[in-house]
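S.K.: sequence unknown, structure follows:
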């Protein structure tokens, strides 16, 4: 399944010089796929590609060297002019220009991607020794998604009345359940259990796309699957490794034995893990849960006010959109308003979430620290009314 999917995906995004248009929920955006890193980035979003004639609210292009800025102010690592800012890091540099209509243009120049002395090793050796099995270009594509696209797409999509929520989401028919949380609570493992054991449909992991009208849309961002996510789930273990090279599999076993289940990881799209009927595209949100771990001896659940949920969700998102807060502070320090402040982003995010979830039951699920993924999924089905097949 994995190899066939990758082959089909590559054929859809291999054209040189092509601007590929996508729709993330109701946010149209574009990626120019005429650069190796740009092509990998376009592959990541292939499942939401569109042929509709829409004007992108965010466009990303890739190049080998950025155009020098003039008449600028600096608050390192950010350089700011009247209409754009530049961020410089070891692995990349990029410029963001705000257009007259409020849309954003992102230009990325990938730099040195391999960390530390490993950059001097042969590429195959370097990849084998990387616990995530990245190539230089695939690592640069990940930097693009996590350190640029995530926060810029949040800014852009707030203009079309939708927002991210740090959550996993599963569908069941035309409705969906969302379980939001701070990072590391167990959302991904619970989602995997609900899809494979209980017949739910995958909609989102890490970032769910929520519209003001209460719809949740699938996010194509690749999941980061650790070895611990696969414990007790041999069918997912097989799906993850199906079609991968012998060197890839050997690297996985090497790091698993050397470093343990939390130190070996692969990034994979839903199509690389699930069958087609196990993947949804959109649904109406029916129930919303906030998960937290505590020192209690048993799992409990209580109602959560809309204000409390929105407050938790908006500030958790700020953390997930790192490095937005640091870059916004630097831009503000130069006297520019090219980026919203953290407080403005929290306010706009809160407004969309408050309207989208206004008439829904919101509940806080408190879990003992050592609750397993299977125990969490079972609890959600038995006590939180998550529908099961």
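M.R.: Yes, it's here. Being a predicted model, the structure only gives us computed values, none of them experimental. Numbers count the residues shown, from 1 in each chain.
S.K.: okay, how far is it across stretch 48-66, tip to tip?
M.R.: 28 Å (C-alpha to C-alpha, to the nearest Å).
S.K.: tell me the average confidence for it?
M.R.: Stretch 48-66 carries an average pLDDT of 94.
S.K.: Run the chain-centre distance for that stretch.
M.R.: 18 Å (C-alpha atoms, centre = their mean, to the nearest Å).
S.K.: Could you pull out the buried residues of it?
M.R.: 48, 56-63 (16 or more other C-beta atoms under 10 Å). Glycine gets a C-beta too; all of them are placed from N, C-alpha and C.
S.K.: I'd like those as JSON lines, with secondary structure and distance to residue 223 appended.
M.R.: JSON lines is the format used below for the buried residues of stretch 48-66 (DSSP: H, G, I helix; E, B strand; the rest coil; distance: C-beta to C-beta, whole Å):
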{"residue": "48", "secondary structure": "helix", "distance to residue 223": "15"}
{"residue": "56", "secondary structure": "coil", "distance to residue 223": "25"}
{"residue": "57", "secondary structure": "coil", "distance to residue 223": "25"}
{"residue": "58", "secondary structure": "strand", "distance to residue 223": "22"}
{"residue": "59", "secondary structure": "strand", "distance to residue 223": "26"}
{"residue": "60", "secondary structure": "strand", "distance to residue 223": "21"}
{"residue": "61", "secondary structure": "strand", "distance to residue 223": "27"}
{"residue": "62", "secondary structure": "strand", "distance to residue 223": "24"}
{"residue": "63", "secondary structure": "coil", "distance to residue 223": "29"}
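S.K.: Out of these, the closest to residue 147 would be?
M.R.: residue 60 (12.4 Å; C-beta to C-beta).
S.K.: which ones are touching that closest one?
M.R.: Residue 60 makes contact with 29-32, 38, 41, 106-108, 144, 148-149 under the criterion C-beta atoms under 8 Å, 6 or more residues apart in numbering.
S.K.: try residue 346
M.R.: Contacts of residue 346 by C-beta under 8 Å, 6+ apart are 314-315, 318.
S.K.: Tell me the secondary structure of it, please.
M.R.: helix (DSSP: H, G, I helix; E, B strand; the rest coil).
S.K.: Give me the nearest residue to the residue of the chain most remote from its centre, chain neighbours excluded.
M.R.: No residue in the chain sits farther from the centre than residue 71, which is 34.9 Å out by C-alpha atoms, centre = their mean. Distances taken as C-beta to C-beta, 6 or more residues apart in numbering place residue 81 nearest to residue 71, at 6.0 Å, with adjacent residues excluded.
S.K.: Any stretches of the stretch 51-200 of the chain with poor pLDDT?
M.R.: 112-117 (pLDDT under 70).
S.K.: which stretches of it form helices?
M.R.: Using DSSP state H, counting those that start in this stretch, the helices of the stretch 51-200 of the chain run over residues 123-129, 136-144, 150-157, 187-198.
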